[in-house]
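Enquirer: Predicted structure and sequence below. I'll ask about it afterward.
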Amino acid sequence: KAGVTQTPRYLIKTRGQQVTLSCSPISGHRSVSWYQQTPGQGLQFLFEYFSETQRNKGNFPGRFSGRQFSNSRSEMNVSTLELGDSALYLCASSSPGGGTEAFFGQGTRLTVV
Amino acid sequence: QKEVEQNSGPLSVPEGAIASLNCTYSDRGSQSFFWYRQYSGKSPELIMSIYSNGDKEDGRFTAQLNKASQYVSLLIRDSQPSDSATYLCAVSLGYGGATNKLIFGTGTLLAVQP
């Protein structure tokens, strides 16, 4: 069974640009969550999508957005990039119920210069 | 007060010993509890999940949950150098319900000395 696939693995962007990251969950998993990991803040929850609807959102500015498609694949977008957005962005896939096990993809390492 | 607290370590144990990792959480409504292992430069890997008070064993790993004390722990028996990693405690308010949102602790760095 294929795991969670995130693309791209690495990105270098310039301040002010925008970026789109993609996540394909484990087959059958309809819940996709996104996290940001930085050395200073650790792993922080961005948002969760289930059946194409955002059902939970973390404390991040509106520059961070996401969506989920009918095949459960998800994308997150960061607009007007700032240096502080440099981080490892992780996608986690879970089966539909709440509080179930979450499996992470390999992550996208974003560097903003 | 942080929602999920862990000692950042490093926790150093000799090969073959038992490593004990601890985590406390603040929200009494928390329902689901997880331990992840993260090697440097890699993504978190799920090791254990626990939902009820008591112990849950899986191979060399035992997770312990005490909801009254708001305390979760992970024991690693017969520690190996390959167990050297950061161990993340994660907590969810959801159980069979509305969210898979996880709140993570900052992680404990475990170093197993050969």
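Expert: Great, that's in hand.
Enquirer: Close to chain A: what parts of chain B are there?
Expert: Contacts of chain B with chain A, taken as CB under 8 Å from any CB of the partner chain, map to B:31-32, B:34, B:36, B:42-46, B:49, B:51, B:88, B:90, B:92-107. C-beta: built from backbone N, CA, C; applies to glycine.
Enquirer: 7 Å - rerun?
Expert: B:31-32, B:34, B:43-44, B:46, B:49, B:88, B:92, B:94-102, B:104, B:106-107 (CB under 7 Å from any CB of the partner chain).
Enquirer: which among those end up buried?
Expert: If you count burial by 16 or more other CB atoms under 10 Å in any protein chain shown, the buried members of those come out as B:31-32, B:34, B:43-44, B:46, B:49, B:88, B:92, B:94-95, B:99-102, B:104, B:106-107.
Enquirer: Wait, residue B:24 touches residue B:5, no?
Expert: Yes - the pair residue B:24 / residue B:5 is scored as a contact, 5.0 Å apart, by CB atoms under 7 Å.
Enquirer: who has more neighbours, these two?
Expert: Per other CB atoms under 10 Å in any protein chain shown, whichever of residue B:24 and residue B:5 has more neighbours is residue B:24, with 20 against 16.
Enquirer: Give the rounded mean pLDDT of stretch A:46-63.
Expert: Averaged over stretch A:46-63, pLDDT sits at 94.
Enquirer: Correction: the previous question concerned stretch B:103-114.
Expert: 96.
Enquirer: give me the low-pLDDT residue ranges for chain A?
Expert: A:1 (pLDDT under 70).
Enquirer: residues in it within reach of chain B, list them.
Expert: A:31, A:33, A:42-43, A:45, A:48, A:55-56, A:90, A:94, A:97-107.
Enquirer: Now intersect those residues with the strands, please.
Expert: Residues of the residues of chain A next to chain B located in strands (DSSP state E): A:31, A:33, A:42-43, A:45, A:48, A:55-56, A:90, A:94, A:103-104.
Enquirer: follow-up on the earlier one: from the residues of chain A next to chain B, list the buried ones, please.
Expert: By 16+ other CB under 10 Å, the residues of chain A next to chain B give A:31, A:33, A:42-43, A:45, A:48, A:55-56, A:90, A:94, A:97-100, A:102-107 as buried.
Enquirer: right, and residue B:53 touches residue B:65 too?
Expert: Yes - between residue B:53 and residue B:65 a contact is recorded at 5.4 Å, counting by CB under 7 Å.
Enquirer: who's more crowded, the two?
Expert: Neighbour count, other CB under 10 Å: between residue B:53 and residue B:65, residue B:65 has more, with 19 against 11.
Enquirer: measure the more buried one to residue A:103 for me?
Expert: 21 Å (CB to CB, to the nearest Å).
Enquirer: Now residue B:60. Nearest residue, chain neighbours left out?
Expert: Leaving aside its sequence neighbours, residue B:60 sits nearest to residue B:77 (CB to CB, 6 or more residues apart in numbering or on different chains; 4.7 Å).
Enquirer: if I look at that neighbour, how far off is residue A:90?
Expert: Applying CB to CB to residue B:77 and residue A:90 gives a distance of 29 Å.
Enquirer: Residue A:84 - nearest residue in space that isn't next to it in sequence?
Expert: residue A:112 (7.8 Å).
Enquirer: Quick one: residues contacting that neighbour.
Expert: By CB atoms under 7 Å, 6 or more residues apart in numbering or on different chains, residue A:112 lies in contact with A:13, A:15, A:81-83, A:85-86.
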